[in-house]
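Asker: Have a look; sequence and predicted model below, questions after that.
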Amino acid sequence: MIKQIQISPPLKKVLVIYGLLATIFVSMMVFSADYRSIQNVGNVLVQSVPLAIVSMGQMIVLIGGGIDMSVGAMISLTSCIAARTMSSVASPVAAIGAVLIITVSVCVGVMNGIGTNYGRVPAMITTLSMMMVLNGISLALLPGPGGRVDRAIAGVIMARSGLLSVALLILLLVFILLRHFLYHTRSGVHVYAIGKNRSIAASMGVRINRVSILTFVIAAMTAAVSGMLLASRMRIGDPTIGASFGLDSITAAAIGGTALTGGVGLLSGTVAGAFLIGMLSNMMNILGVNHFYQYVLKGLLLVVAMVFYSLSGKMGGKHRG
Amino acid sequence: MAKRVTLSSSAEFAQTRRQSIFLLLAVFMLFLVQGIVRPGSVTFNQTMNITRQASALGVVVLGQALVILAGGIDLSVGSMVTLTNVFAVSMMKGQDSNFLTAALICVGLGVVVGTFNALGVIKLGIAPFIMSLCSMSIMEGVYLVYTGGSPSGRVSPLLKTIGNESFLGKVPYSTIIWVALAVLIWYVLMKTSYGRKVFAVGSNPTAARLCGIRSDAVSFSTYVICSVLAAVAGLLASGYVGTTSLSIGSDYMTNSLAAVLIGGNAIEGGKGGIWGGVLGAFFIMLLFAVLTMLSIGQVGKLITQGLIIFVVVALQGQFKGGRKE
């Protein structure tokens, strides 16, 4: 009974994004020998994982009618906590660090949710304020890039052989968990419902505030997972490492067909969007595009991707920020 | 989701006014804190100094408010400010004779960028959030390529005067420009049919179109105006700073959004006005100034800033009464 939510039209759009992804991938494989190497393909996959994970969290908030600008700051904070506490795997401090990261992310999510729902503050302002606060705390923990993440911990998280890697496994795990949550639980359907129309959802008996808070908690937790992955990759903490993730995650979700107005979105599309963004920068690096030109190209390519997209499906209706 | 065209609704108008009064209270609180921290520092001159610092942000906020009123959003204003700064300063070479050309080219750039944003949003159906994000990235690339990472040039003396001197030694020129632009936009928004169309399009584009309003043309114009105002703000900021910097515009995007929302405008459009945002920009700059006076480090600054912006908006929400969805 719960499962009868209609998700087929967006699914068609998702296929278009996967088509685009495959086209770029195949043409790069054909044109560039460097790109073809298993090493590089593995790199692309691993590099896109942190953005893909946090984008899924972001997407759930967007579906619920909110927006979370603080995920980037949450990523930075996680990497700082990790670098400060996990310098040695043997010490009990590392375990405390892990517990701390989880606790902090849940608290951040709950506070974002409470501010937005009970404080009557627009989600954008709540999460922007949270972003500033978290950036401040990150700077207090680590004034600049530094600290250390133990080789053993980082080694496990970054382990890979050929195309397969633990990072991808984590992505898969998060994907399956969120997929189950979103499509096969009552709360998941409620997320779509409050995004479509809060007052109707409320009158149908959905606990709108509670569901909305849950979406923010999920976003903050996915940000923590991404932060942990980034900290393991760099093996140090960096208070600004997450700066671009807030906007990039929203872009990834939007490329994947999530409506920024709420109520529409699919996990598979968002993952594809994140991989598209990851692949673009890798592609430009391989082609040796000047770093400065990359900004221009990235912007233009994203416009092209979105155009492709709007041509493919009938966009219909209005799209607003 | 029923949204009304707001101008006629006096209840909502009163609500916006109540919010502005609350914001005014918050500003007075800040003055009070400033007075306690540094007795005797709350003077006319000091206040004018803060309006001088706020003027660039204030001008950006005018454009941002307009775009948001019409139901869009523009994240590219910060890059536009930097782009203007880089181009204007490198073209002026410290000569007044180059000022007019440089200023005109920058305003022209604003038109180009605004048109680009508007075309993407209206003709290609891309969400404004994403479209302006893309043009932000493109502009970042353009000024990085143009400067090669190390910008150069000097601000012309005339622009420096505008950015740093005051009319009769009292009111900064940049403040005058800011207020004049605000009055102009307020007049257009509240007293002309174009203004009513902006509200109508922001409230409900489909309904507006059915009423015979050319929704697309109206929202198109808001994007262009917003980018042009960002270019003007870039000139003001260049005059104030007196030099060129690739990070000059980095805070404008978040600060302009914060100012508009603190000012009581609704993010979904169609609700609000101009003066709330103007006051919001002043509030944010005053907050920075007071925090600097307290000589709090970067860490404390970020944390207090975040908390205060949140608390102000939250208290405004409590003032608003029942939530309408």
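Answerer: In hand now; what should we look at?

Asker: what sits against residue A:238?
Answerer: By Cβ atoms under 8 Å, 6 or more residues apart in numbering or on different chains, residue A:238 lies in contact with A:76, A:79, A:80, A:83, A:142, A:144, A:145. Where C-beta positions appear, they are placed from N, C-alpha and C, glycine not excepted.

Asker: how about 7 Å then?
Answerer: Listed by Cβ atoms under 7 Å, 6 or more residues apart in numbering or on different chains, the contact set of residue A:238 reads A:76, A:79, A:145.

Asker: between those residues, which is nearest chain B?
Answerer: residue A:76 (11.7 Å; Cβ to the nearest Cβ).

Asker: what sits against the closest one?
Answerer: Shown in contact with residue A:76 (Cβ under 7 Å, 6+ apart): A:135, A:138, A:238, A:239, A:240, A:241, A:242.

Asker: tell me which element the residue nearest to it when sequence neighbours are not counted is part of?
Answerer: Spatial nearest neighbour of residue A:76, excluding adjacent residues (Cβ to Cβ, 6 or more residues apart in numbering or on different chains): residue A:242 at 4.0 Å. Per DSSP states H and E: residue A:242 is located in neither a helix nor a strand.

Asker: Might one say that residue A:242 is in contact with residue A:78?
Answerer: No. If you go by Cβ atoms under 7 Å, residue A:242 and residue A:78 don't touch, sitting 8.1 Å apart.

Asker: shared neighbours of those two, anything?
Answerer: With contacts defined as Cβ under 7 Å, 6+ apart, the residues shared by residue A:242 and residue A:78 are residue A:227.

Asker: Who wins on neighbours among the contacts of residue A:76?
Answerer: Counting neighbours by other Cβ atoms under 10 Å in any protein chain shown, residue A:242 leads those with 31 neighbours.

Asker: Roughly how far does that one sit from chain B?
Answerer: Distance, residue A:242 to chain B, using Cβ to the nearest Cβ, to the nearest Å: 14 Å.

Asker: Quickly note the distance from that residue to residue A:106.
Answerer: Using Cβ to Cβ, to the nearest Å, we find residue A:242 at a distance of 18 Å from residue A:106.

Asker: for residue B:231, same thing?
Answerer: Per Cβ to Cβ, residue B:231 is found 44 Å from residue A:106.

Asker: how about stretch A:252-265, does it reach chain B?
Answerer: Yes. Against chain B, stretch A:252-265 shows contacts by Cβ under 7 Å from any Cβ of the partner chain at A:254, A:260.

Asker: so who does the residue lying closest to residue B:155 once chain neighbours are set aside touch?
Answerer: Distance criterion Cβ to Cβ, 6+ apart; nearest residue to residue B:155, sequence neighbours excluded, is residue B:242 at 5.2 Å. Contacts for residue B:242 (Cβ under 7 Å, 6+ apart) come out as B:155, B:160, B:163.

Asker: does the last one sit in a helix or strand, and which one?
Answerer: Element membership of residue B:163, judged by DSSP H and E, is helix B:157-164.

Asker: Need the contact partners of that helix.
Answerer: B:92, B:96, B:99, B:173, B:174, B:235, B:236, B:238, B:239, B:240, B:242.

Asker: same thing but at 6 Å, please
Answerer: Outside helix B:157-164, the residues that touch it by Cβ atoms under 6 Å, 6 or more residues apart in numbering or on different chains are B:96, B:99, B:173, B:174, B:239, B:240, B:242.

Asker: Could you report the neighbour count for the third one?
Answerer: Residues contacting residue B:173 under the criterion other Cβ under 10 Å number 18.

Asker: So for it, what's the pLDDT?
Answerer: Reported pLDDT at residue B:173 in the predicted model: 88.

Asker: Nearest residue to it in space, ignoring adjacent ones along the chain?
Answerer: Spatial nearest neighbour of residue B:173, excluding adjacent residues (Cβ to Cβ, 6+ apart): residue B:162 at 4.7 Å.

Asker: neighbours around that neighbour, how many?
Answerer: 22.

Asker: where's it relative to residue B:58, distance?
Answerer: Taken as Cβ to Cβ, the span from residue B:162 to residue B:58 is 15 Å.

Asker: same check, this time on residue A:116
Answerer: Residue A:116 sits 27 Å away from residue B:58, going by Cβ to Cβ.

Asker: So for the two, which sits in the more crowded spot?
Answerer: Ranked by neighbour count (other Cβ under 10 Å), residue A:116 and residue B:58 place residue B:58 first, with 30 against 27.

Asker: so how far is residue A:289 from residue A:249?
Answerer: Per Cβ to Cβ, residue A:249 is found 24 Å from residue A:289.

Asker: related to what we said a few turns ago, quick one, which of residue B:231 and residue A:106 is more surrounded?
Answerer: Per other Cβ under 10 Å, whichever of residue B:231 and residue A:106 has more neighbours is residue B:231, with 32 against 15.

Asker: tell me which element that one is part of?
Answerer: Secondary structure assigned from DSSP H and E places residue B:231 in helix B:215-241.

Asker: Give the other helices and strands that that helix contacts.
Answerer: When contacts are defined as 3 or more Cβ pairs under 6 Å, 6 or more residues apart in numbering or on different chains; DSSP states H and E, helix B:215-241 packs onto helix B:44-69, helix B:77-92, helix B:99-118, helix B:157-164, helix B:193-203, helix B:205-210.

Asker: Please repeat the previous calculation with a cut-off of 7 Å.
Answerer: If you count contacts as 3 or more Cβ pairs under 7 Å, 6 or more residues apart in numbering or on different chains; DSSP states H and E, helix B:215-241 packs onto helix B:44-69, helix B:77-92, helix B:99-118, helix B:157-164, helix B:173-191, helix B:193-203, helix B:205-210.

Asker: Show me which residues of the shortest one are buried.
Answerer: Buried residues in helix B:205-210, counted by 16 or more other Cβ atoms under 10 Å in any protein chain shown: B:205, B:208.
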